[in-house]
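Asks: Build the 3D model from these lines:
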Amino acid sequence: MTMIHAFNNGLLLVVTAITILVLALLVIVMVRFNARRNPVPSKTSHNTLIEVVWTVAPILILVGIAIPSFSLLIAQHDPARAIPNYNPEDTLTIKATGMAAWYWTYDYPDNGDIQFESFMLTEDQITDPATQPRLLAVDNNLVVPTGTVVRMLVTAEPLGVIHSFTVPSLGFKIDAIPGRLNETWFLVEREGMYYGQCSELCGRNHAFMPIALQAVSPEKYAAWAELAATDLEAAYELLDDPAGPATEDEAAGGV
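Replies: Just a heads-up that it's a prediction; the model follows:
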C-alpha cells in the first residue's frame, strides 16, 4: 500500500503539471490570437516541429508512467520487489476460502491444524459498537503478526461462486475462484484492526461477508496460535487481555 500511495502521489504531480501547461497554452491563445488583436488570421496549415512535439511528448510521458506502474504490478506478487532483505523462510502462509453461504474460512498450514470459520456479527450480536462496526465485525478475526510477510492463498469452495478477498488499507485485492488457488501477499506494520469486504457481486448476501483482520505483535501471535490449535475461544480471549501473554518469568512467579 505504501508503493500504491507513492505511485498515486507521483501521478498526481504529472497530471497537475500537464493541466497547468494546457491551461497556460489556452490562455496564451485566447490573449494573443483573438479576433480583436488579429483581424487577419494566420493561414498556417501545419507546423512540423509542433506536430512532432505533440506526438512524441505524450509517448514519453506515458512510458515514464508505465515503468513505475509495471514495477508496482510485479511487486504485488513478489515481496522481494518491495521489502529490503526479504527472506521467504520468514513468510507466514494463510489460506482463505470463500464459501457459497457467504462467509470465509481460514486455514493456517504453518501452525498445525488451525482452521475456523468467520461469520459477520448480526446487529443483536454486537455488544460494543465502538469496536465492532456494523457490517464489518465478525465472530472470529483473521489474526496475523506485525512485521511478517503474510502469503495469502485464496480460493472458493468447489461448488461455490466467485468471491473477492479485499482489504483496501493493506493494498490487496484478489479473486477467490472455485477450483483455482490465487496468491497475494501483505505486511502489516502496526497493530490494530483492518477491515475489508467481498468486492465481487457473489450473490444474495454479497454485502454480508466482511473480512476482519487483527494484527498483533509477534509474541501475541505466537501465544494465540499455540492456544488456537486446541481452544479457539480461549485464544481470542487471550488477545482481548490488555496484559497480553505472560513472559516466562511471570509464568514462573518472577518479577
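Asks: how far is the host helix or strand of His5 from where the chain is centred?
Replies: Taking DSSP states H and E as the criterion, His5 maps to helix 2-32. Helix 2-32 has its C-alpha centroid displaced from the chain centroid by 28 Å (Cα atoms, centre = their mean, to the nearest Å).
Asks: Just the buried residues of the very next helix or strand once past it, please?
Replies: Moving toward the C-terminus from helix 2-32, the next helix or strand (DSSP H and E) is helix 48-75. For helix 48-75, a neighbour-count test (16 or more other Cβ atoms under 10 Å) marks 72, 75 as buried. No exception for glycine: its C-beta is placed from N, CA and C like everyone else's.
Asks: burial count for the residue nearest to Met99 when sequence neighbours are not counted?
Replies: Take Met99 and drop its neighbours on the chain: the residue closest to it by Cβ to Cβ, 6 or more residues apart in numbering is Glu157, 5.4 Å away. When counting by other Cβ atoms under 10 Å, one arrives at 16 neighbours for Glu157.
Asks: Could you do the one 4 residues further on as well?
Replies: For Val161, the number of neighbouring residues by other Cβ under 10 Å comes to 18.
Asks: ditto for Asn111
Replies: There are 17 residues near Asn111, going by other Cβ under 10 Å.
Asks: any idea how far Asn85 is from it?
Replies: 24 Å (Cβ to Cβ, to the nearest Å).
Asks: Same check on Ala137?
Replies: Going from Ala137 to Asn85 by Cβ to Cβ gives 36 Å.
Asks: what does Ala225 give?
Replies: Going from Ala225 to Asn85 by Cβ to Cβ gives 25 Å.
Asks: For those two, indicate the residue with more neighbours.
Replies: Ala225 (18 against 5).
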